[in-house]
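# How does the following fold in three dimensions:
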Amino acid sequence: MFSLSGWEKRKLSSLLSPLLFFFFILFFFFSYLLAQRESTATLNLRVFIEKRCKIEISSSLISFVRTSTQGNPQIIPANENPVEVAIKTNLPKGAEARVWFLATSDLVDNSAGYTIEVETISWEAKGDGFFSGQLSKSSPSLLARIGGAGKIKGLLNFFFAEDPNFAPGNYQTTVTLFVEAL
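Numbering: from 1, shown residues only. From the prediction side, this is the model:
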């Protein structure tokens, strides 16, 4: 068997301590280097939300029928129930959205070529932020105003200012609702 003398044991012990210390330092140094070799990256994430305004209407058709033979001017209510309008926005605090009506033309009977001024159509509005008014083809008519983010609902009753001098016919036009965000 192999045996060490006392002096050899002390010499081996004195060499073993620094050797273990050296390997310990070497192990942590290589661990550090390996950790540095692992790749890291940074991801910058951005979410951009556009301003939005949504208009919902309960009916896209409004009609009127003149049935009187009295020969006197009269205000004729629409045949349909009041039109429900809902406006939703995500605008920031302090911003405002305005909703407008604009007729594309006067009321026109395409078969006979007769016209009636679109200003004969008016509406009565009920609901916070909604306004009563009269249609126009030359300048927008304010329907509603909403500030910041939220939702408003209103009811619109439409009326036709009939004149007995209007020729019989099937008159129509298109009205656009549009939003202006401020």
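# ranges for the helices of this structure?
Here the chain has its helices, by DSSP state H, at 6-37.
# Next one: the residue most central in space within it from Thr89, what distance?
Residue closest to the average C-alpha location in the chain (C-alpha atoms, centre = their mean): Arg52, at 2.4 Å. When distance is defined by C-beta to C-beta, to the nearest Å, Arg52 is 7 Å away from Thr89. C-betas here are computed from N, CA, C, even on glycine.
# residues in contact with Thr89?
Lys51, Arg52, Cys53, Lys54, Ala97, Ile146, Gly148, Ala149, Gly150, Lys151, Ala181 (C-beta atoms under 8 Å, 6 or more residues apart in numbering).
# at 6 Å instead, please
Thr89 makes contacts with Cys53, Ala97, Ile146, Ala149, as judged by C-beta atoms under 6 Å, 6 or more residues apart in numbering.
# if I look at the last one, how far off is Gln70?
Per C-beta to C-beta, Ala149 is found 50 Å from Gln70.
# Which residue of these two possesses the greater neighbour count?
Ala149 (15 against 7; other C-beta atoms under 10 Å).
# Check whether Gly71 really touches Pro164, as I assumed.
Yes - counting by C-beta atoms under 6 Å, Gly71 does reach Pro164; the two are 4.5 Å apart.
# of the two, who's got more company?
Higher neighbour count among Gly71 and Pro164: Pro164, with 12 against 8, using other C-beta under 10 Å.
# I figured that one was touching Gln74, is that so?
No - the criterion here is C-beta under 6 Å, and Pro164 misses it with Gln74 at 8.5 Å.
# residue boundaries of the strands in the protein?
Secondary structure of the chain (DSSP state E): strands at 53-57, 74-77, 83-90, 96-103, 107-108, 115-116, 121-126, 133-134, 141-147, 149-162, 175-181.
# Which other helices and strands does the second one contact?
Using 3 or more C-beta pairs under 6 Å, 6 or more residues apart in numbering; DSSP states H and E, the elements in contact with strand 74-77 are strand 149-162.
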